[in-house]
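Enquirer: okay, structure incoming, though there's no sequence with it:
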């Protein structure tokens, strides 16, 4: 599957709406224009009304597919956009020109937010040259040093995203620096625990193996050289990283070294959140919108 397939899949889920918090951002508006051309979703743009109307005209965005709500600050934009999703006026939330901390504060608000009992986690779907499947990386943006229970929740979130896209039984590789349990390396102990939890039915809907180093998680040749016999080794769909540093480095390495394409969402809330970096391209933001729409059912 390609990320362009997600755009077509999202377009088939008609009458979806994205609420964009503080939408006054060139790349965000470019992505919205592309999404509207592909009939991916309608958009509720929250921000300074005068500025947004001018930007919409400059970008030649089809105004039949948008509504604009005025706000005077990023904080107010975040609140309005989150409330729109919470009250079912929109299906997904999207970050515009607003700090992530401000958006997440609104998301976690006890009165009108989107919090659930689940851990919020970032799930990135990569289209990597040379691979015939999506490679999902989690968590590279939300949870700094997750413990075993948090990693269980992060795994469940990523499995739900993969299943929503069409992978009924994703293979999860719990990454470490080595593929054997080493009591001196906490990540290997956690990985082995997650694999055992999967075998005993505590985490379902996927196959989990770990610890696995990156090479033998994604390369059948590397796994064979290490004599690793596993349904996951060499075939991993989801790469579960031990810390945010490892995830962030892997995420950016795939983009800048492997020239991979990516779409990403925050899962675990009442609705998907298209949370992209300001440095992400309009194309990546478009893919993130499509991924969020596809996981919104």
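Expert: Happy to help now that I have it. Keep in mind that this is a model prediction, so the values were computed, not measured.
Enquirer: tell me the mean pLDDT over the host helix or strand of residue 32?
Expert: Assigned by DSSP states H and E, residue 32 falls within helix 26-37. Helix 26-37 comes out with an average pLDDT of 94.
Enquirer: and the following helix or strand past that helix, what does it pack onto?
Expert: On the C-terminal side of helix 26-37, the closest following helix or strand by DSSP H and E is strand 42-47. In terms of contacts (3 or more C-beta pairs under 8 Å, 6 or more residues apart in numbering; DSSP states H and E), strand 42-47 is packed against strand 17-21, helix 26-37, strand 66-70, helix 74-86. Using the backbone N, CA and C atoms, a C-beta is placed for each residue, glycine as well.
Enquirer: buried set for the third one?
Expert: Yep, that's strand 66-70 we're talking about. 66, 68-69 (16 or more other C-beta atoms under 10 Å).
Enquirer: sorry, back to before: pick the most buried one from the helices and strands packed on strand 42-47.
Expert: strand 17-21 (a mean of 28; mean count of other C-beta atoms under 10 Å).
Enquirer: for it, give the mean pLDDT please.
Expert: Here the average pLDDT along strand 17-21 is 97.
Enquirer: pull up the pairing partners for it, direction included.
Expert: Strand 17-21 pairs in its sheet with strand 42-47 (parallel), strand 92-95 (parallel), by DSSP bridges.
Enquirer: any idea which of these is most buried?
Expert: strand 92-95 (a mean of 29).
Enquirer: contacts for that strand, please.
Expert: Here strand 92-95 makes contact (C-beta atoms under 8 Å, 6 or more residues apart in numbering) with 16-21, 28, 41, 81-82, 85, 103, 107, 114, 269, 271-276, 288-289, 292-293, 296.
Enquirer: before we move on, what about stretch 183-200?
Expert: Contacts for stretch 183-200 (C-beta under 8 Å, 6+ apart): 147-148, 151-152, 155, 172, 174-178, 180-182, 203-204, 206-212, 240, 242.
Enquirer: pull out the buried positions in that stretch.
Expert: For stretch 183-200, by 16+ other C-beta under 10 Å, it's 185, 187-195, 197-198.
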